[in-house]
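Student: fold the following, please.
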Amino acid sequence: MKLLVLPCDGIGPEISQSTTEFAMTAAEKVGLEVEFHEDDVGFSSLERYGTTLRDTLLESAIRDFEGVILGPQSHLDYPPVAEGGRNVSGGFRIGLDLYANIRPAISRPFLPNKASDMDLVIYRENTEGFYPDRNMYQGVGEMMPDPDMALSIRKITRRCCMRICKQAFLAAASRGKKIAAVHKANSFLMTDGLFLECFREVAREFPDIETEELIVDAFAALLVRQPEKYDIVVTTNFYGDILSDLASELSGSLGLAGSINANAEKGLCMAQAQHGSAPDIAGQNRANPCSLMLSVAMMFEWIGRSKNNEKAIETAVLMIEAIDSVLKNQSQRTPDLGGELGTKEFTRCLISAL
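Tutor: Numbers count the residues shown, from 1 in each chain. Below is the predicted model of the structure:
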């Protein structure tokens with residue numbers, strides 16, 4: 001199995017190195033052959049190639065690799081697109097058509113949390129919606145007709161709604177057989193109305209799955225009040241981005257939030273930490289690598305199930321079990337989780353646990 005590793009910005013190089021060391025050790029334990037190939041994106045690519053993301057790298061990711069590991073980016077600090085400051089994450093999601101952003105939120109009883117019984121997965125559409133760099137064939141969906149007016153265009157399509165709903169229902173069929181669609185169709189009558197229409201159409205293909213439709217602001221409140229009620233949640237891009245961060249913090253920490261971006265039909269998957277690049281602690285051996293590690297474990301499981309590779313699934317299970325076994329001991333945690341270990345020391349504990 002060949003995987004493309006893109007450390008990107010901030011703490012990205014540190015957590016990427018820890019993640020590949022940990023993943024390689026887990027793979028070796030079960031006899032899975034894995035090759036990691038590192039390349040430049042973000043500021044290192046900008047300095048070397050004049051752009052944060054090369055088109056040739058996107059082509060290589062599709063052609064030469066079974067999966068991609070993307071570190072966090074400092075997108076707000078990039079120069080304008082015309083000067084090479086391309087959104088790396090958005091570029092991969094659009095360039096590889098990774099339409100499904102899958103984000104679980106699971107409370108661990110041995111870690112502090114604000115939702116002790118949470119165990120849900122948010123399926124977020126990844127390629128359109130309110131994000132202006134993802135909804136136009138040319139240009140972007142934001143504009144300023146004059147200095148005192150800013151406009152933004154939202155795009156919702158039947159094709160994208162149908163396919164994310166289909167993947168969410170398939171997930172619900174293998175879990176708790178219930179699914180919630182989150183929307184704001186009471187205000188966005190046409191756009192969220194189209195999303196709900198697609199959700200209901202797909203639901204007819206899965207008559208044994210319990211469905212629920214929730215307005216996004218009500219769901220945010222209910223997620224705090226009764227997190228144990230929800231299993232699979234499917235929603236559009238913008239809502240999913242916000243709600244997945246909320247769910248991750250309630251269940252413990254963004255530092256423990258795994259995330260993959262996938263296209264089931266094309267067999268493509270990218271692991272990506274849910275958190276940002278944390279430039280304030282970059283290079284200080286203080287970063288928690290768990291989010292990226294759990295994302296890579298999710299990617300191994302996704303590849304294993306889509307390509308019938310049992311060793312990839314075993315690698316994912318082993319990685320998750322090792323992380324949980326180490327985190328049960330507060331003295332073996334990173335500072336953000338109440339411990340004192342640095343990134344390297346924490347990684348050594350994980351490898352010992354394997």
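Student: strands along this protein, start to end?
Tutor: Shown for the chain, the strands assigned by DSSP state E span residues 2-6, 35-38, 67-70, 100-106, 119-125, 142-146, 149-152, 178-183, 210-215, 232-235, 260-263, 268-272.
Student: which residues of the stretch 1-150 of the chain score low on pLDDT?
Tutor: Across the stretch 1-150 of the chain, not a single residue meets the criterion (pLDDT under 70).
Student: and if you look at the stretch 251-354 of the chain?
Tutor: Along the stretch 251-354 of the chain, no part satisfies pLDDT under 70.
Student: before we move on, back to that, a markdown table for the strands of the chain, including mean neighbour count and distance to Arg54?
Tutor: From N, CA and C alone the C-beta is placed, and that goes for glycine too. As requested, these are exported to a markdown table (neighbours: other Cβ atoms under 10 Å; distance: least, Cβ to Cβ, whole Å):
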| stretch | mean neighbour count | distance to Arg54 |
| --- | --- | --- |
| strand 2-6 | 21 | 11 |
| strand 35-38 | 14 | 14 |
| strand 67-70 | 25 | 14 |
| strand 100-106 | 24 | 23 |
| strand 119-125 | 24 | 26 |
| strand 142-146 | 10 | 25 |
| strand 149-152 | 10 | 28 |
| strand 178-183 | 24 | 36 |
| strand 210-215 | 15 | 41 |
| strand 232-235 | 28 | 32 |
| strand 260-263 | 24 | 19 |
| strand 268-272 | 27 | 16 |
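Student: take those and write them to TSV, including distance to Ala168.
Tutor: Formatted as TSV, the entries for the strands of the chain read as follows, by distance: least, Cβ to Cβ, whole Å:
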stretch	distance to Ala168
strand 2-6	26
strand 35-38	31
strand 67-70	21
strand 100-106	8
strand 119-125	4
strand 142-146	28
strand 149-152	26
strand 178-183	6
strand 210-215	11
strand 232-235	4
strand 260-263	12
strand 268-272	16
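Student: ok, which of these comes nearest Met319?
Tutor: Using Cβ to Cβ as the criterion, the shortest distance between Met319 and those is 11.4 Å, found for strand 268-272.
Student: give me the contact list for the closest one.
Tutor: In this structure, residues lying in contact with strand 268-272 by Cβ atoms under 8 Å, 6 or more residues apart in numbering are 62, 66-70, 89, 92-93, 96-98, 258-263, 292, 295-296, 298-299, 302-303, 306.
Student: report the contact partners of Pro279.
Tutor: Under the criterion of Cβ under 8 Å, 6+ apart, the contact list for Pro279 reads 9-11, 74, 77.
Student: hmm, 6 Å instead?
Tutor: With contacts defined as Cβ atoms under 6 Å, 6 or more residues apart in numbering, the neighbours of Pro279 are 10, 74.
Student: and what of Ser295?
Tutor: With contact taken as Cβ under 6 Å, 6+ apart, Ser295 is in contact with 258-259, 271-273.
Student: now for the residues you listed: which two are most distant?
Tutor: In those, the most distant members under the criterion Cβ to Cβ are Gly258 and Gln272, with 9.1 Å between them.
Student: distance check, the residue nearest to Glu340 when sequence neighbours are not counted against Leu214.
Tutor: In this structure, Glu340 finds its nearest non-sequential neighbour in Ser331, 7.4 Å apart by Cβ to Cβ, 6 or more residues apart in numbering. Counting by Cβ to Cβ, to the nearest Å, the gap between Ser331 and Leu214 amounts to 41 Å.
Student: got a list of contacts for stretch 50-58?
Tutor: Applying Cβ under 6 Å, 6+ apart, the external contacts of stretch 50-58 come out as 41-42, 45-46, 78, 84-86, 88, 91, 95.
Student: same question for stretch 67-77.
Tutor: For stretch 67-77, the external contacting residues (Cβ under 6 Å, 6+ apart) are 3-10, 12, 16, 42, 61, 87-89, 269-273, 276-277, 279, 296, 299, 303.
Student: quick one: distance of that stretch to the chain centre.
Tutor: How far stretch 67-77 lies from its chain's middle: 11 Å, per Cα atoms, centre = their mean, to the nearest Å.
Student: so which residue is dead centre in the protein?
Tutor: Among the residues of the chain, the one closest to the centroid is Ser259, at 2.7 Å (Cα atoms, centre = their mean).
Student: now do Phe219: how many residues are near it, please.
Tutor: Counted with other Cβ atoms under 10 Å, the burial measure for Phe219 works out to 23 neighbours.
Student: bridging residues for the residue nearest to it when sequence neighbours are not counted?
Tutor: Closest residue to Phe219 apart from its sequence neighbours, by Cβ to Cβ, 6+ apart: Val182 at 4.9 Å. Each beta-bridge partner of Val182 is listed here, defined by DSSP bridges: Leu214, Thr235.
Student: tell me the contacts of Val182?
Tutor: Neighbouring residues of Val182 by Cβ under 6 Å, 6+ apart: 214, 216, 219, 233, 235, 239.
Student: reformat those residues as a markdown table; add distance to Phe188 and pLDDT.
Tutor: Written out in a markdown table, the entries for these read as follows (distance: Cβ to Cβ, whole Å; pLDDT from 0 to 100):
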| residue | distance to Phe188 | pLDDT |
| --- | --- | --- |
| Leu214 | 14 | 98 |
| Val216 | 10 | 98 |
| Phe219 | 15 | 98 |
| Val233 | 18 | 98 |
| Thr235 | 12 | 98 |
| Tyr239 | 10 | 97 |
